[in-house]
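S.K.: The following comprises the amino acid sequence and a computationally predicted model.
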Amino acid sequence: MKNKRLNKRDSITVCFNMNGHSFKMFKVIQMGKDGVIDLKITDFYNCIALSTKQTFLDDNDCLVADGDVTFVNHMEISYHQDGSFLWKNCDAKTHCNPYGVGERWIPTNEISDFLPILTIQIRSMRPYSEYFKTIPSDKGHNIFYECKCDDLFDLQGSYFLMLMIVDKKMPFCCFGTRYTFSDKIIELNDDFNLCLFICRHNYPKPRPYFSSRFNCYVTPSIDNIICPPNREHCKKTIREQLSFGLFNPGFFKLFKIIFEGKYFCLTDDLCKLFDSIDSFFPANDETSFYINAFLKKEIIREVEDIALFNKKDVGEKEKFFEKKILEIVIRFIKDKCKG
């Protein structure tokens, strides 16, 4: 995450990298005073469908009734300090609260862990056609953020995206794989970060339904759909499905040691390396956990070609591990003596 904070009138444009190009997804603007969370999300790229149904992942995968979605070119979503949401259809010049008139969710001063404020069902990558050859530099109030994960984004993929406000005291793992992406994209104030989670997700093919509007059967088109997070069980579902990876305190502590809390790509080669280290020196207690973590950090720093290292003979790798562990223990003892 860049060492920046989203202050009044600042905006951050969120992009993703695919095939060496940066594609725009949306922009987040801070409307409130410095440190006061009052956000507007806009500039969704290309035509998108807006659903009034509350959803999360498997919910609402198939939209099968008139009025389920509205197709828009320009729209805005705002989340305010008092916990109110406002969705504005700029094409029709109309607005609504997706949870009902006067309804509130969670005010910003009552967020105890995290709060999803936007979900997008990315059913097709085709709408994303405008790109930057290189990500623009930050200028004035305009900040740019790029999701970098070469193994994740491809033209045939379909994805689920969630933008959320996360308490800094909560463990949040920042890493990318061929299946998921998660990162703290910018700081909001002393207590909260704005975070992004994206994962691969297979959606059912659209199925025909009888339209009372047209008095015949129609098949919905495949469009990317913005849905309001389900207030009733969204957070519970997130905890159940993402606690092992995204909010895992053990992984968070491990990654903080190895990668110093910065975003990284967890490639297949890196996973194989970690598996080899875990087999040789498992983290069974607190002491072995730290030795295991620093061993991984040292090897990543020294080995230029991890894929080539993984192909080495087991005995050769274990000798290298033993040497590194000895160096780590000696350095630890020296540091203790200095203290």
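M.R.: All right, it came through fine. Residues are numbered from 1 along each chain as shown.
S.K.: C-alpha from now on. contacts and neighbour counts both.
M.R.: Will do.
S.K.: mind checking the longest helix of this protein?
M.R.: helix 314-338 (DSSP state H).
S.K.: Let's test this: mean pLDDT of that helix, rounded?
M.R.: Mean per-residue pLDDT for helix 314-338: 87.
S.K.: contacting residues for the closest residue to Tyr159 other than its chain neighbours?
M.R.: Spatial nearest neighbour of Tyr159, excluding adjacent residues (CA to CA, 6 or more residues apart in numbering): Arg200 at 4.3 Å. Contacts for Arg200 (CA atoms under 8 Å, 6 or more residues apart in numbering) come out as Leu152, Gly157, Ser158, Tyr159, Phe160, Tyr179, Thr180.
S.K.: for those residues, which one is nearest Phe252?
M.R.: Among these, Thr180 lies closest to Phe252 (CA to CA), at 15.7 Å.
S.K.: so what's the closest residue in space to that closest one that isn't next to it in sequence scoring on pLDDT?
M.R.: Excluding the flanking residues, the one nearest Thr180 by CA to CA, 6+ apart is Cys199, at 4.2 Å. Listed pLDDT for Cys199 reads 93.
S.K.: go on, Ser221?
M.R.: Looking at Ser221, its pLDDT stands at 66.
S.K.: Over to Cys149?
M.R.: Predicted confidence (pLDDT) for Cys149: 91.
S.K.: related to what we said a few turns ago, from the contacts of Arg200, list the buried ones, please.
M.R.: Among the contacts of Arg200, those buried by neighbour count (16 or more other CA atoms under 10 Å) are Leu152, Ser158, Tyr159, Phe160, Thr180.
S.K.: Throw those residues into CSV and include distance to Phe264, thanks.
M.R.: CSV is the format used below for the buried ones among the contacts of Arg200 (distance: CA to CA, whole Å):
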residue, distance to Phe264
Leu152, 13
Ser158, 22
Tyr159, 20
Phe160, 20
Thr180, 12
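S.K.: okay, and the helix or strand of this structure with the least pLDDT?
M.R.: strand 48-51 (a mean of 69; mean pLDDT, DSSP states H and E).
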